[in-house]
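> Okay, sequence plus prediction incoming.
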Amino acid sequence: MGGQGQAPLPPFFYLAPFTLAHYINRNPFMPHRTFFWFIIPSLLAMVLFIALPVISVIVQSLHVEHEKVLISSENCGPFGCKKITTIDVAATDQLRSDRPLGQFSGFDNYTNRSHLAFDEVSLAWEISENMTDFIKKILNLPFYKALFFHANLYLCSHPFCHYIRPGYRVRS
């Protein structure tokens, strides 16, 4: 194959430095320094455009918006007193500038009734008499209703999208 003690390779194998002859005659691996400088732009782009946005989304998903700062006061007039609540815009803006991500809530964002609804699912499991009753209670929760809809949509449309294509003819 052209190594030491073997027959030489035909001349066309030696036309370019990274042809088949390069891999047959020499070390089949790229030098570490060359490989590093070859791969660094791709790694930098992946970190910049994939990893950092994913980390940013994860961090932001663990926070909720600050509550508005409310000021309650009593306004008395000739027809009696009324309790008035107003928003303190300056204090709310100060709070937002101090902590721009918002309040940390952790995984409470995902365990509430709008998402995974852990408390509601466990309560439905405890009070259900049978599996049908449990499923009916679960399907009243928004996340599980949407999950059921999308699973059915996929299962019903998948055969038509992949196996019965427009213009598809079975040849006999």
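Alright, I've got the coordinates.
> Could you chop the protein up by domain?
Domain assignment for the chain by automatic domain parsing gives 11-61, 62-104, 107-172.
> rank those domains by pLDDT, which is bottom?
Note on the domains of the chain: lowest mean pLDDT is at domain 11-61, with a mean of 79.
> In a markdown table: the domains of the chain, plus mean neighbour count.
In this view, the C-beta of every residue, glycine as well, is placed from N, C-alpha and C. As requested, those are exported to a markdown table (neighbours: other CB atoms under 10 Å):
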| stretch | mean neighbour count |
| --- | --- |
| domain 11-61 | 11 |
| domain 62-104 | 11 |
| domain 107-172 | 11 |
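> Residue 145 contacts residue 139, correct?
Yes - with contacts counted by CB atoms under 8 Å, residue 145 reaches residue 139, the gap being 5.4 Å.
> Would you mind measuring from the residue nearest the centre of the chain to residue 30?
Closest to where the C-alpha atoms of the chain average out (CA atoms, centre = their mean) is residue 54, at 6.8 Å. According to CB to CB, to the nearest Å, residue 54 and residue 30 sit 30 Å apart.
> what do you get for residue 70?
From residue 70 to residue 30 the distance is 64 Å (CB to CB).
> Strands along the protein, start to end?
Listed in chain order, the strands of the chain (DSSP state E) span 63-64, 70-77, 80-87, 103-104.
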